[in-house]
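# Mind folding the following:
(chains A, B, C and D)
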There are 4 protein chains.
Amino acid sequence: MEVALFGAGRIGRIHAGNLARQPGVTLRYVVDVDAGAASALAQQHGAQVTSADAVFADPRIGAVVIGSSTDTHADLIVRSAAAGKAIFCEKPVDLSVERARRCAEAVQRAGVACLIGFQRRYDPTFNAVRERIAKGEIGDPEMLVVTSRDPGAPPVAYLERSGGIFRDMLIHDFDIFRWILDDEAATVYATGSVLTDPAVGSVGDIDCTAVTIRTRKGRLCQINTTRRAAYGYDQRFEVIGSKGMLQANNHRPTEVVASTAAAVSCDLPEHFFLERYKAAYAAEMAHFFEALANGTKVRTSIDDGVAALVLADAATASWREQRIVTL
Amino acid sequence: MEVALFGAGRIGRIHAGNLARQPGVTLRYVVDVDAGAASALAQQHGAQVTSADAVFADPRIGAVVIGSSTDTHADLIVRSAAAGKAIFCEKPVDLSVERARRCAEAVQRAGVACLIGFQRRYDPTFNAVRERIAKGEIGDPEMLVVTSRDPGAPPVAYLERSGGIFRDMLIHDFDIFRWILDDEAATVYATGSVLTDPAVGSVGDIDCTAVTIRTRKGRLCQINTTRRAAYGYDQRFEVIGSKGMLQANNHRPTEVVASTAAAVSCDLPEHFFLERYKAAYAAEMAHFFEALANGTKVRTSIDDGVAALVLADAATASWREQRIVTL
Amino acid sequence: MEVALFGAGRIGRIHAGNLARQPGVTLRYVVDVDAGAASALAQQHGAQVTSADAVFADPRIGAVVIGSSTDTHADLIVRSAAAGKAIFCEKPVDLSVERARRCAEAVQRAGVACLIGFQRRYDPTFNAVRERIAKGEIGDPEMLVVTSRDPGAPPVAYLERSGGIFRDMLIHDFDIFRWILDDEAATVYATGSVLTDPAVGSVGDIDCTAVTIRTRKGRLCQINTTRRAAYGYDQRFEVIGSKGMLQANNHRPTEVVASTAAAVSCDLPEHFFLERYKAAYAAEMAHFFEALANGTKVRTSIDDGVAALVLADAATASWREQRIVTL
Amino acid sequence: MEVALFGAGRIGRIHAGNLARQPGVTLRYVVDVDAGAASALAQQHGAQVTSADAVFADPRIGAVVIGSSTDTHADLIVRSAAAGKAIFCEKPVDLSVERARRCAEAVQRAGVACLIGFQRRYDPTFNAVRERIAKGEIGDPEMLVVTSRDPGAPPVAYLERSGGIFRDMLIHDFDIFRWILDDEAATVYATGSVLTDPAVGSVGDIDCTAVTIRTRKGRLCQINTTRRAAYGYDQRFEVIGSKGMLQANNHRPTEVVASTAAAVSCDLPEHFFLERYKAAYAAEMAHFFEALANGTKVRTSIDDGVAALVLADAATASWREQRIVTL
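Okay, the predicted model is just below:
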């Protein structure tokens, strides 16, 4: 199968490398507004730089990978669907629920496969928790506590266009919530503060949040987030069920333990998402082409993308309007 | 110093044992409506069984330890204060904030020392976190996540008189919140469910809760609770600050690790509060008599007892009325 | 039962405190060459200072606790046995195997109970490993790896009279070996070095050792020791059996975990033997009086004391003569 | 650079996959006595099946990777050296120290690069320990304790040709010893037993060993090994120095922790060497081609291969002849 990649930035390069390892898959085109980046990446993988139009016009292209900026996703999804290409698109679908829903409709109408890049569902640790819950190891799930902390805030220029912390950062956690509890939100309560950097507040955003979701089945979920954890990227969750608890803990670069006169210590967590989810990105890409080959559903559908966005909107409204949002 | 003990039940016996280890302290009287229990405990410690009236009338009694049922606390505090006795009283002060406040006033008027038994503040692990925060190890505290889970729910008969999960169980967590963040609540949001046993719901209570507190300084606190953790008594919290995180983890009976074909495993947490806080109960009693001897303030004052109760009331209202409570 | 204590030093005070907690047991006499120490300890526990002769002549004394210096043990054991007193004696029995054997004979002849203070057998963690092996959790034990490291070497003046590292420090590990594997040594190989302080070498001793024991059943045991672990008192062992492994790990003062920009760290191990084995010393004393009350065998007999000393002698010979010693 | 691979078995396939990821490196030839295996692997990587003679005659081949059976290593090394090819050869060089030394001489004479596949030196955890020692984190290293346990013994047919446990299994540990302590053995003592399967004894081998090395500088090293750890592949070591300890612990497939009514448990260690050292094999191959490109020394030279074999011979003699071997 021949594939076109939109976006030759950081995440685009990750996807290109993973594409190269799929048997029977060839990266033919790279598209990016930055001609230099497109050219360098294309050359590295023996692909050609081209335009979006050329991609959609080329019948040899069976699938596209969309890793370009968020504001391009909706248009590329709709056009890819119209052109009958299978779609692998980075999260989020869009910053607008309405536009995201239109994308989902376009995908459904076209009947193409569409995977939204919630890569955490492909992480070995997170995935093992999901499978062990499904096997009944902790009985019926009752509560979920999600810890989601970044090592540092992105530049303010990024924050301004990000849609706010709930759409930009917690969207992953909202997806994890839906996936792990296999349930939907009934009410959402969110609060937050600017505690790490006043600049975050200056663009109308917050950097620390506390979110509570009560599900239709009465289950409870709490999410705690900060943009700045001094010790690094902290990505944990724990699920309590009637028979026990499963915890997904951080990964470390090495398993060295040092004992000195000061303390017994181990490594910090893996630095950030590119390191922490390296295996997840690879598994996600393999999953996409396996699903295409086998005609099976993808694990992270565009409906999942819409649903996470709805939760992000609800949380944003709850925080801004200081009220409990009922869904 | 000679001391009278009210209550010869489970917690009374713990306190009697710890009293016996304080140098220069003698347990003279035991008072309990259950004459048999009073007599057995008195005999074990060379004390006498007597009535409350006799205790308050005896000028040799310098301090009382109140470990009787919750509905007796307020009256005993007021009478002890009036009699000029120093007071060590189990939590809660009372189930009514109004009555608790009257107790606090009585104590203040009398000028007697009064320690409320929030024993967790005396736990070596919890206390070490507090001291390390005070030393600036994690900079300014920003978020607190409290995990507070019991191994199993008490009998329904107990629940009916307990004041509900927020006053009975989370009151400890509300105290931990105030103590660790050294801040006061601005808003409280609480939700909950009956997930472990329908009988809990039949008496108008819940067994799983999710509480969020936003403080006056904008800090965030989340508390997650269940009455039934299949793996035992789970008492952890973590504090995130500008420079890092401190976690207070569970204690285990032994440090054995077993590796078999099935898993690598360690002990369950210490079973329940009597085991987990054994050292804390001992340290709490020692602290009380040291404070009396030195004329210093007690770490857990009756004002702390009132403040925790105010939070429990706010959480109860938030849950019942499905609204965010502003304090 | 009334008891006399020989030795009012550090370990004597520990034993006196534990004696005071045994129901029905009274400390009547304290004997020590240091009159001030004896007097202070006696006063604290309402006991009297007296002489050894007076102890042995007093028929009310049912048991003695020997915590005086090593060179007094043998004589006090023999005299206590002759006087028909039950004996609790700190390790070692003596530095001479021959004298230790004569003590064992005296005890046997007199038919008195005699517990040798290998307190590690009473530690909750170590004891749990022993019990879980006995229940078959790891099948048949095959190998034992013992890590035994002190936080720092004692003064050279102590080392000179200590009998050398194998008799002074590893005697505990030799006892653990016999107890955990429930087997006896066939061959012993020991080597060692002076690596931490040349002063240790100046008195003919070593500060780091590596010992290997092969048992009669062909099992293997390795012991590694140093007098100076910069991070504190390191007391671990692991047993491999046909079905798995059990590890006894260090205990920590608190369960705080700190995550900063530098590392994720936890407490150092409990500082030294008085802290690490506090619960073991208490359990050992309780075991002694329970055994006396019930007429059951003590867990750490004088024969165990002799056997550990034989291994210490074998290791010393192996190291000095650079040969494998067959027992 | 064009490369030829000898051996298309399990380890050959690993190396071929890693070769494919080196920039500027092409796998041209695969050589194997098993024509089917050679053909399948060649096809997968776009290489050709050929003979050893053809490899050595082709001047385009700059390097060879030897992953064929142990008895072919010496001959292939000598011929590769004579043909001026850079050599990447799986451990061991040979089972005979004499032949291994002749290989080393041939390599030195030819002046070709030669890396022996002690892949553990390229493991992220093990390598981090080495680097942190070099930075002085634990001061001067004094003791090394190596735990090296396989999940199960290979078939007896394999054992018969393996050279015995010391040459087959502990050769890695001997290499780790030399690398971590940066020191050489002065004496070696080894003992062992047949405890897991009598069939091992029937071919004159053992399945459990305990080895002690004393170095020229007086440092101590203990290695404990078994062919059968019920819980999997256990590969740890710890180094004690004057300022602390560094431990290299096991890696796990996921970081899930499960808490149930039975226990708190985590994953077993990664299953066996292909899983545990996956990253190490990749890093080793990258290191080889970097060293070739930069003209720098390889981390694991053929002299290291000879030195580890000398230790294996010494340990074998010590065990067989029940004596301490002086080197």
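
# The residue positioned nearest the centre of chain A and A:His15, how far apart?
Nearest to the geometric centre of chain A sits A:Phe118, at 3.2 Å (Cα atoms, centre = their mean). For A:Phe118, the distance to A:His15 equals 14 Å [Cβ to Cβ, to the nearest Å]. Using the backbone N, CA and C atoms, a C-beta is placed for each residue, glycine as well.

# List the contacts of the residue nearest to the centre of chain A.
Taking Cβ atoms under 8 Å, 6 or more residues apart in numbering or on different chains, we find A:Phe118 in contact with A:Lys91, A:His172, A:Asp175, A:Ile176, A:Trp179, A:Thr300, A:Asp304, A:Gly305, A:Ala308.

# among those, who's most crowded?
A:Ala308 (29 neighbours; other Cβ atoms under 10 Å in any protein chain shown).

# Convert the helix or strand harbouring it to CSV, retaining C-alpha atoms only.
Here A:Ala308 is covered by helix A:302-321, with elements defined by DSSP states H and E. In CSV, the C-alpha atoms belonging to helix A:302-321 read as follows (Å, rounded to 0.1, in the frame of the first residue of the first chain):
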residue,chain,number,x,y,z
ILE,A,302,-13.4,9.4,14.7
ASP,A,303,-16.4,9.0,17.0
ASP,A,304,-14.0,8.6,19.9
GLY,A,305,-12.4,11.8,18.7
VAL,A,306,-15.7,13.6,18.7
ALA,A,307,-16.6,12.2,22.1
ALA,A,308,-13.4,13.4,23.8
LEU,A,309,-13.9,16.8,22.3
VAL,A,310,-17.4,17.0,23.7
LEU,A,311,-16.0,16.3,27.2
ALA,A,312,-13.3,19.0,26.7
ASP,A,313,-16.0,21.5,25.8
ALA,A,314,-18.1,20.5,28.9
ALA,A,315,-15.0,20.8,31.1
THR,A,316,-14.2,24.2,29.6
ALA,A,317,-17.8,25.4,30.2
SER,A,318,-17.8,24.0,33.8
TRP,A,319,-14.5,25.9,34.6
ARG,A,320,-15.5,29.1,32.9
GLU,A,321,-19.0,29.3,34.2
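
# Report how many residues lie close to A:Gly84.
13.

# could you check the distance from the residue sitting furthest away from the middle of chain A over to chain C?
Farthest-out residue of chain A from its mean C-alpha position, per Cα atoms, centre = their mean: A:Ala261, at 41.5 Å. A:Ala261 sits 5 Å away from chain C, going by Cβ to the nearest Cβ, to the nearest Å.

# I figured that residue was touching D:Lys243, is that so?
Yes. A:Ala261 is in contact with D:Lys243 according to Cβ atoms under 8 Å; the separation is 7.2 Å.

# Next, show the common contact partners of the two.
With Cβ under 8 Å, 6+ apart, A:Ala261 and D:Lys243 have common neighbours C:Ala230.

# returning to what we had before: could you find the closest non-adjacent residue to the residue farthest from the centre of chain A?
Nearest residue to A:Ala261 in three dimensions, chain neighbours excluded: C:Ala230, at 5.0 Å (Cβ to Cβ, 6 or more residues apart in numbering or on different chains).

# ok, back up a step: got the phi/psi numbers for the residue nearest to the centre of chain A?
Phi and psi for A:Phe118, reported as degrees, to the nearest 10, are phi -80, psi 80.

# Contacts made by stretch A:51-64 with the rest, please.
A:1-6, A:28-29, A:31, A:76, A:79-80, A:82-83, A:85-88, A:113, A:288-289, A:292.

# Sitting in helices, which of those residues do you find?
A:Leu76, A:Arg79, A:Ser80, A:Ala82, A:Phe288, A:Phe289, A:Leu292 (DSSP state H).

# Which residues are in contact with the third one?
By Cβ under 8 Å, 6+ apart, the contact set of A:Ser80 is A:Phe56, A:Val64, A:Ile66, A:Ile87, A:Val112.

# Apply 6 Å and report the result again.
Counting by Cβ atoms under 6 Å, 6 or more residues apart in numbering or on different chains, A:Ser80 touches A:Val64, A:Ile87.

# ok so A:Ala283 is a helix residue?
Yes. Looking at A:Ala283 with DSSP: H, G, I helix; E, B strand; the rest coil, it is inside a helix.

# so what's it up against?
A:Tyr122.

# all strands for the stretch 51-200 of chain A, in order.
Secondary structure of the stretch 51-200 of chain A by DSSP state E, counting those that start in this stretch: the strands cover A:61-66, A:86-90, A:114-117, A:141-149, A:185-193.

# Now tabulate the ones you listed in a markdown table and tack on distance to B:Arg236.
Putting the strands of the stretch 51-200 of chain A into a markdown table (distance: least, Cβ to Cβ, whole Å) gives the following:
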| stretch | distance to B:Arg236 |
| --- | --- |
| strand A:61-66 | 41 |
| strand A:86-90 | 35 |
| strand A:114-117 | 33 |
| strand A:141-149 | 10 |
| strand A:185-193 | 22 |
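
# now these as a markdown table including mean pLDDT?
A markdown table is the format used below for those (pLDDT from 0 to 100):
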| stretch | mean pLDDT |
| --- | --- |
| strand A:61-66 | 98 |
| strand A:86-90 | 98 |
| strand A:114-117 | 98 |
| strand A:141-149 | 98 |
| strand A:185-193 | 98 |
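
# Columns mean neighbour count on top of those, output as CSV?
Output for the strands of the stretch 51-200 of chain A, formatted as CSV (neighbours: other Cβ atoms under 10 Å in any protein chain shown):
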stretch, mean neighbour count
strand A:61-66, 24
strand A:86-90, 26
strand A:114-117, 27
strand A:141-149, 23
strand A:185-193, 23
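
# Tell me which of the ones you listed lies nearest to D:Leu41.
strand A:61-66 (28.4 Å; Cβ to Cβ).

# List the pairing partners of the closest one within its sheet, with orientation.
Using DSSP bridges, strand A:61-66 pairs in its sheet with strand A:2-6 (parallel), strand A:86-90 (parallel).

# Need the residues that contact the first one.
Outside strand A:2-6, the residues within contact range by Cβ under 6 Å, 6+ apart are A:12, A:16, A:26-31, A:55, A:60-61, A:63-66, A:68, A:76.

# Likewise for stretch A:221-231?
Stretch A:221-231 is touched from outside by A:144-150, A:152-153, A:173, A:177, A:196, A:207-213, A:268, B:143, B:145, B:210, B:222, B:224, B:243-244, C:259-261, with contacts defined as Cβ under 6 Å, 6+ apart.

# What parts of the stretch 1-150 of chain A come near chain D?
Taking Cβ under 6 Å from any Cβ of the partner chain as the contact definition, the stretch 1-150 of chain A meets chain D at A:Pro124, A:Thr125, A:Ala128, A:Val129.

# Please identify the helix or strand for the residue nearest to the first one when sequence neighbours are not counted.
By that I understand A:Pro124. Distances taken as Cβ to Cβ, 6+ apart place D:Thr254 nearest to A:Pro124, at 5.0 Å, with adjacent residues excluded. For D:Thr254, there is no host helix or strand (DSSP H and E).

# distance of D:Thr254 from chain B?
According to Cβ to the nearest Cβ, D:Thr254 stands 12 Å off from chain B.

# need the contact list for A:Gln22.
A:Phe289.

# Tell me if I am right that it is in a helix.
No. Under the criterion used here (three-state DSSP), A:Gln22 is coil, not part of a helix.

# Could you grab the helix/strand/coil label for the residue nearest to A:Ala261?
coil.

# per-residue confidence at it?
pLDDT recorded at C:Ala230 is 97.
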